[in-house]
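> fold the following.
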Amino acid sequence: MSVTNKPTSQDEALEKAFGACLDALYAAAEADTASPALQRALQLRSFLAVAEEQVFVVRETIHRATSGDRDPLELSSEAMYFDAQWLEAALDARDSYIAALDELMRVMPPPAPATHPGKLAPSKITTTVPSVPASARAGAVRTRSL
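Numbers count the residues shown, from 1 in each chain. Below you'll find the model as predicted:
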């Protein structure tokens, strides 16, 4: 499975930060219309997907090794020590990629407003009503015609 199709723990934050679903973000990157921040974010997301997969694999390896149906004599402190080192490395990588993504999304410039070719933004017309002196307002008489 491609890393673009693997879910990560940061997908929702990326979609929110860039204002589009992952498919649209990857499409922009492939069409070479993605901002440098988006390109970097997608690269970091790919690395994160691999790191999170490694965490999952190590966790499952440890679960299998320590499951209740395994012979306790098969447990090896040396193997568990290696698995613990592997897990620590995978967790460090995952945490580093998450921190890098968080920092990128924190410092990146806000997304530019979407523009549509051929469409102009509606113009805003502002006017001010000339003030009427208080004496003119107080002495005004209203008449009604029948």
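> ranges for the helices of the protein?
All helices of the chain, identified by DSSP state H, fall at 11-18, 22-30, 36-65, 77-107, 134-139.
> stretch 6-15 - what's its average pLDDT?
Across stretch 6-15, the average pLDDT comes to 95.
> end to end, how far does that stretch reach?
Across stretch 6-15, the terminal residues are separated by 15 Å (Cα to Cα, to the nearest Å).
> got it, and stretch 24-36?
This stretch, stretch 24-36, spans 16 Å end to end (Cα to Cα).
> which residues touch that stretch?
Stretch 24-36 is contacted by residues 4, 14-15, 18, 20, 38-39, 42, 108, 111 when judged by Cβ atoms under 8 Å, 6 or more residues apart in numbering. No exception for glycine: its C-beta is placed from N, CA and C like everyone else's.
> as a markdown table, the helices of the chain with distance to Asp71 would be great.
Listed next are the helices of the chain as a markdown table, based on distance: least, Cβ to Cβ, whole Å:
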| stretch | distance to Asp71 |
| --- | --- |
| helix 11-18 | 40 |
| helix 22-30 | 44 |
| helix 36-65 | 11 |
| helix 77-107 | 14 |
| helix 134-139 | 98 |
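> quick one: these as a markdown table, columns for mean neighbour count too.
Below are the helices of the chain laid out as a markdown table (neighbours: other Cβ atoms under 10 Å):
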| stretch | mean neighbour count |
| --- | --- |
| helix 11-18 | 16 |
| helix 22-30 | 16 |
| helix 36-65 | 17 |
| helix 77-107 | 14 |
| helix 134-139 | 8 |
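> which of those has the lowest mean pLDDT?
Of all the helices of the chain, mean pLDDT reaches its minimum on helix 134-139 (a mean of 54).
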